[in-house]
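> Okay, sequence plus prediction incoming.
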Amino acid sequence: MRMKTCPRCESSIDDEARYCIDCGAPQTEAAAEELDEYVQRQAQQVASESGASGNGFGDEAADDGGDDGFVATANLTDRQQLWRRGCYVAGYGTIVVALTLVPRIGAFFLILGGIAILPPIRRLTAEPLGSSLKREVMVGLYAILSLVGVLLLVFL
């Protein structure tokens, strides 16, 4: 058997191999077409599965306003997009400020507050609790933790 090299990764492969054993790149036109058809079938299957429940998360995500990090931006109203962007700005801004003050005890409460308001955290914490956390709870946790952090930074 003769050996040739893969044009993608330069590995030595069998002359009659359809795919590279190292990187998986197709080595013949037939293999490339087969791979392309497989990828298209998989994409259609994923699209049909996510389209079956609307946004891929069932009624829960539709009920909570869809302001978590997993809903496509095109499905959100302007108000929901503004809310989500505001949560990201407030959350990451608070975390960045708190990281500059890490040796002080109040910084840890600011970090927790920043994490609490981030939309992806809302999705992660909603599942185990059995119901979605509403915006009011997110904002409440953020306000309480941030207030405690600021008070500790000022008075300690």
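Yes, it's here.

> Whichever strand or helix holds Ala43: how far from the chain's middle?
If you go by DSSP states H and E, Ala43 is part of helix 29-52. Offset of helix 29-52 from its chain centre (Cα atoms, centre = their mean, to the nearest Å): 23 Å.

> Make 45 the starting number, not 1.
Understood, numbering begins at 45; the last thing we discussed is helix 73-96.

> Following element in sequence after the helix or strand of the chain with the lowest mean pLDDT, please.
Across the helices and strands of the chain, mean confidence by mean pLDDT, DSSP states H and E is lowest for helix 102-107: a mean of 39. Counting by DSSP H and E, the next helix or strand C-terminal to helix 102-107 is helix 122-144.

> got the buried residues for that following helix?
Buried positions in helix 122-144, judged by neighbour count with 16 or more other Cβ atoms under 10 Å: Trp127, Arg128, Cys131, Ala134, Gly135, Thr138, Ile139, Val141, Ala142. From N, CA and C alone the C-beta is placed, and that goes for glycine too.

> again, but for stretch 144-164
Buried positions in stretch 144-164, judged by neighbour count with 16+ other Cβ under 10 Å: 150-163.

> Out of those, which comes closest to Leu197?
Minimum distance to Leu197 across the buried residues of stretch 144-164 is 3.6 Å, recorded for Gly150 (Cβ to Cβ).
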